[in-house]
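>>> Structure, please.
(one chain, ligands or ions: 1)
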Amino acid sequence: MIRILVADKLAPAGLEKLQNTEGVEIDVKIGLDPDQLAREIPNFDGMIIRSGVTITAESLANPGKLRGIARAGVGVDNVDLAAATAAGVLVMNTPDANTVSTAEHTMALLLSTMRRIPDAHAHVRSGAWKRGDYVGKQLSGKTLAIVGLGRVGQAVARRAIGCDMRVIGYDPLIGAPTVLDGAVTLYEDFDAFLADADCVTLHAKLTDKTRHMLSTKQFAALKSSAVVINCARGDLIDESALADALNNGEIAAAAVDVYSAEPPKDNPLLAARNIVCTPHLGASTEEAQLAVAMEAVNTLLDYLCNGEIRSAVNVVGLPSHLTDRDRAYLDLTMRMSDILAAWCAEGISGVCLTTCGDNLQTLCPTLARQSMIGLLAPHTDVRLNLVNAASVAKERGIHIDYAARPQQDDYFENIQLTIKTRDGEHHVEGAVFADGRPRILAIDDYRMELVPEKQLVLIFNDDRPGVIGLVGNLFGDRGINIADMTLSRRDNKALMLLKLDQQPDDAILTQLRNEDNILSVQTVLLPSLVNSGSAT
Ligand code: 3PG
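As a prediction, this is how the structure comes out:
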C-alpha cells in the first residue's frame, strides 16, 4: 500500500484521484509544524504540499518510507532541497499549471492599483460619493518593467502589450537583447531599467542573489509616480524599505500578494499608505488549483508507482521514462555493483561506468548513479536511491565518472563498471542479451558468460591442475550442489565462478581459503531473476 500525506489544501479532484487509485491510501493533515511533520513523514511514501507547509532539514532527518514530495505549484523555497536530496527524496513541482492565473492576478493588482479600486470600493460602501478623490491612471502608454522573463513574466508581458503598454525586461539569465519576437527589450543595467519604469512587477525566483533586490536604493531610483507589484515572493522586496518609500511618497503605490512571512504579522506593509494587499492568491483560481492538483497527483503517482520522473527540482538528468530494457540494464548494473562491492570494504576513491551502444547513451548517467547504490549500500546506513546516490558518493569523496560510447561494429551493446580501490582497479563487464536476461561477460578481464543471480562464489586461484577437483570435492563433501560454473584464466591465474544452490558456511570458506593455490574467495548473494522473458 502506497501512503500519501496531503499536507496542504488540494483541489477536491486531486483528492478524489488519489482516493480512487488502487493501492493508494491518503491522509489529509493541514497545518503541521516541522516537529509534527518530522513525526508523520516516516509513515508516508509521498507527500503533496503547497506553500503553506515548510519542509525543513529537521523534518526530513528520519525520512522513513518517504520517496517523493510533489509541490502543487511552482515555488519550492519552502522545502530544504539539499536535505531532501540527501534523504533520497525526489521533489517535483508543476512548473506551468498556474502561470496564467498568476499573470492574471498581476494584471488585476496592476489595474486595482492604477485605478484605486479597493479604496474606491470601500468609499462607495461607506455611502460616500466623492468621485474627484479617486482619479486613476490608465495603463495604455505606460512602461511596465518586468523583472524575470520566465513563464509568468512572459505571460504578464503578453497581457500588458494587449493593454497598449510599453514593456521592458530585466533577466540576467537571458542572453538575447529582446524576448517575445522583439516586443520586450531587455536591459542589462538594473538602475537604468528602474529609472525608465512607470510600473515594476517582480517575477523572479527567490535566491540569495535576488533577496531584497528592491530596497531603499532601488526605490530611490524609481520615478515618484511609480507603482510596484509583487506576486512572486515576499523576500524579493525589503518590506520595511517599501513601506518607507510609500509612506514618504518616494513612489506612488504598490500591490503585494506575497510576504516575507505568511500569514504576515507585524509587517510594516499592512499599515503602509497606497498599498493593495491580497493573501497569496496568485494561483488561487479554480482552474489553476484543478491543474496543479491533477499534475502534482499524477507526477507523484507516476514516480511512486512506476519510477517515472517528471518536473524534478532537486535532481537533474534522470530519465522520465524507463523502457523494460532500461530497467533490465539498471538491474544488471546493480548486480555488477554487488559483485564489485566486496572489493569496496576498504574504501573506494572512484567509480567509472562506461556504456557501449547508442541505446544506452541517455541512460548512462542513471546507470552510474545506480552503480553507486550497489557499491555503497553494504557500507552505509543511509537509505540510497537514484536521488541521493551521487550526493552521498560526493560527501564520501568518491568521484563518479561516466562515458557513453557509440555502438562499435565489432562489439555488441554492453556496460563496464570500474572501481578504484587502494590495491588498484577492479572491473566487471555485462550486457543484457536478446532474451532479456543479464550476463556477466568479464570480471577483472577474465572473460566468461554467466547469468548473475543467487549464490555466487568467486575463487581466484593459481592455474594448476587439480584445483577444480579440489573445489568440487569440498562442496560435494558438504552436500552443496554447484548449479553452474565458469572458468577463465590469464597470466597463470584463474577465476572460477560458481553458482551454488545454497549459501556456503564460514567453515567451508575458511577451508577453501587455506588451500594451497587458492588466492582469494569471495561470496556474493544476488537476487533471483524474476523475469526470464525477453525485454523490449
Ligand atoms: C507558486 O509558487 O506556485 C505560487 O506562489 C502559488 O502558491 P500556492 O500554491 O501556495 O498558492
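
>>> and the helix or strand bottoming out on mean pLDDT in the chain, what does it pack onto?
Least confident helix or strand, the chain: helix 389-395 with a mean of 90, by mean pLDDT, DSSP states H and E. Counting by 3 or more C-beta pairs under 8 Å, 6 or more residues apart in numbering; DSSP states H and E, the packing neighbours recorded for helix 389-395 are helix 81-86, helix 364-376, strand 399-405. In short, each C-beta sits where N, CA and C put it, glycine included.

>>> Show me what from the chain comes close to the ligand.
By C-beta under 6 Å from any ligand atom, the residues of the chain that approach the ligand are 50-52, 73-75, 98, 280, 282-284.

>>> Quick check: the residue of the stretch 151-300 of the chain nearest the ligand.
Ala283 (3.6 Å; C-beta to the nearest ligand atom).

>>> among the helices and strands packed on helix 389-395, which is the most enclosed?
Comparing those by mean neighbour count (mean count of other C-beta atoms under 10 Å), helix 364-376 ranks first with a mean of 24.

>>> Could you check the pLDDT of the residue of the stretch 151-300 of the chain closest to the ligand?
Confidence at Ala283, expressed as pLDDT, is 97.

>>> ok, which stretches of the stretch 251-400 of the chain are helices?
Listed in chain order, the helices of the stretch 251-400 of the chain (DSSP state H, counting those that start in this stretch) span 286-306, 324-341, 364-376, 389-395.

>>> Dump those into a markdown table; add distance to Asp506 as well.
As requested, these are exported to a markdown table (distance: least, C-beta to C-beta, whole Å):
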| stretch | distance to Asp506 |
| --- | --- |
| helix 286-306 | 40 |
| helix 324-341 | 19 |
| helix 364-376 | 24 |
| helix 389-395 | 31 |
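
>>> thought the residue of the stretch 151-300 of the chain closest to the ligand was touching Ala291?
No - assessed by C-beta atoms under 8 Å, Ala283 is found out of contact with Ala291, at 9.3 Å.

>>> Endpoint to endpoint, stretch 248-264 covers what distance?
22 Å (C-alpha to C-alpha, to the nearest Å).

>>> Report the buried residues of it.
Using 16 or more other C-beta atoms under 10 Å as the test for burial, stretch 248-264 gives 250-260, 264.

>>> So which of those residues are in strands?
Residues of the buried residues of stretch 248-264 located in strands (DSSP state E): 253-256.

>>> And the residue of the stretch 401-536 of the chain that's closest to the ligand?
Closest point on the stretch 401-536 of the chain to the ligand, by C-beta to the nearest ligand atom, is Tyr402, at 34.0 Å.

>>> give the contact list for that residue.
352-355, 364-365, 367-368 (C-beta atoms under 8 Å, 6 or more residues apart in numbering).

>>> switch the cut-off to 7 Å
352-353, 364-365, 368 (C-beta atoms under 7 Å, 6 or more residues apart in numbering).

>>> Flag the shaky bits of this structure, pLDDT-wise.
409-411, 531-536 (pLDDT under 70).

>>> Could you chop it up by domain?
2-97+288-306, 99-277, 317-432, 454-526 (automatic domain parsing).

>>> can I get the CA coordinates of the helix or strand containing Ala241 in PDB?
Using DSSP states H and E, Ala241 sits within helix 239-247. The C-alpha coordinates for helix 239-247 follow below in PDB (Å, rounded to 0.1, in the frame of the first residue of the first chain):
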ATOM      1  CA  GLU A 239       9.400  45.300   3.100                       C
ATOM      2  CA  SER A 240      10.500  48.000   5.500                       C
ATOM      3  CA  ALA A 241      12.100  49.900   2.700                       C
ATOM      4  CA  LEU A 242       9.000  49.600   0.600                       C
ATOM      5  CA  ALA A 243       6.800  50.800   3.500                       C
ATOM      6  CA  ASP A 244       9.100  53.800   4.000                       C
ATOM      7  CA  ALA A 245       9.100  54.600   0.200                       C
ATOM      8  CA  LEU A 246       5.200  54.500   0.200                       C
ATOM      9  CA  ASN A 247       4.800  56.500   3.400                       C
END
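
>>> got the contact list for that helix?
So helix 239-247 is in contact with 214-216, 219, 228, 251, 254, 260, 267-269, 272-275, going by C-beta under 7 Å, 6+ apart.

>>> For Thr102, grab the count of nearby residues.
Thr102: 25 surrounding residues under other C-beta atoms under 10 Å.

>>> Would you check that it makes contact with Val152?
Yes - contact criterion C-beta atoms under 7 Å: Thr102 and Val152 qualify, at 4.9 Å.

>>> Can you classify the residue lying closest to Gln502 once chain neighbours are set aside by secondary structure?
Computed as C-beta to C-beta, 6 or more residues apart in numbering, the closest residue to Gln502 that is not its neighbour in sequence is Ile480, at 5.7 Å. Using DSSP: H, G, I helix; E, B strand; the rest coil as the criterion, the local structure at Ile480 reads coil.

>>> How about the one 3 residues further on?
Here Ala483 takes the strand state, with states given by three-state DSSP.

>>> Number the residues from 39 up from this point.
Renumbered: residue one is now 39, and that last one reads Ala521.

>>> Tell me where the stretch 439-574 of the chain has strands.
Applying DSSP state E, counting those that start in this stretch to the stretch 439-574 of the chain gives strands spanning 452-459, 462-470, 476-481, 484-488, 492-500, 520-528, 531-538, 556-564.

>>> ok, residues contacting the shortest one?
The list of residues contacting strand 484-488 from outside it, by C-beta under 7 Å, 6+ apart, reads 477-480, 522, 524, 526, 528, 533, 535.

>>> Among these, name the buried ones.
Applying 16+ other C-beta under 10 Å to these flags 477-480, 524, 526, 533, 535 as buried.

>>> For Thr393, list the residues it contacts.
With C-beta under 7 Å, 6+ apart, Thr393 has these contacts: 399, 402, 405, 442-443, 453.

>>> hmm, 6 Å instead?
402, 442, 453 (C-beta atoms under 6 Å, 6 or more residues apart in numbering).

>>> who's the second one bridged to?
Under DSSP bridges, the beta-bridge partners of Ala442 are Thr393.

>>> so it sits right up against Thr400, yeah?
No - checked against C-beta atoms under 6 Å, the pair Ala442 and Thr400 is beyond contact range at 7.9 Å.

>>> Provide a list of residues in contact with the residue of the stretch 189-338 of the chain closest to the ligand.
111, 136, 139-140.
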